[in-house]
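**Q** Just a sequence and a predicted model for now, questions to come.
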Amino acid sequence: MPHDISQYALIYLAAINLVTFLTYGIDKYRAKRGAWRISEKTLFLLPLLGGSVGAIAGMKVFHHKTKHWYFRYGLPLILLAQIALAAWLEF
């Protein structure tokens, strides 16, 4: 049973990180064209839901939100908190 839960968790994390990465790319694309944007609230919610790796990768690849200190420092802090939580749950 625990194996099933960890397998589902990995699938979830892969999916949420892919969605988050694509969301950052879409928002950057829209920003360049002056189109309707994805809210910063959403861009922070997705990492909080487990997509922090996707968000950090999206920032790096798309050069998006890199000048905002709360993204530049907040996203790595979210990732560190998630790693700490995962380690705590594992042990």
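**A** Good, I have the coordinates. Numbers count the residues shown, from 1 in each chain.
**Q** From here on, just use CA atoms for contacts and neighbour counts.
**A** Will do.
**Q** what about stretch 80-91, distance to the chain center?
**A** Mean-position distance between stretch 80-91 and its chain equals 17 Å (C-alpha atoms, centre = their mean, to the nearest Å).
**Q** List the buried residues in the longest helix seen in the chain.
**A** Longest helix in the chain, counting residues (DSSP state H): helix 2-33. Neighbour counts over helix 2-33 (16 or more other C-alpha atoms under 10 Å) mark 13-14, 16-25, 27-28 as buried.
**Q** I'd like to know the predicted local confidence at the residue nearest to residue 64 when sequence neighbours are not counted, please.
**A** Leaving aside its chain neighbours, residue 64 sits nearest to residue 28 (6.0 Å; criterion: C-alpha to C-alpha, 6 or more residues apart in numbering). As predicted, residue 28 sits at a pLDDT of 96.
**Q** can I assume residue 28 is in contact with residue 61?
**A** No: with contact defined as C-alpha atoms under 8 Å, residue 28 and residue 61 do not form a contacting pair (10.4 Å).
**Q** thought residue 53 was touching residue 17?
**A** Yes: using C-alpha under 8 Å, residue 53 is in contact with residue 17, at 6.2 Å.
**Q** what is in contact with the two at once?
**A** Shared between the contact lists of residue 53 and residue 17 (criterion: C-alpha atoms under 8 Å, 6 or more residues apart in numbering) are residues residue 47.
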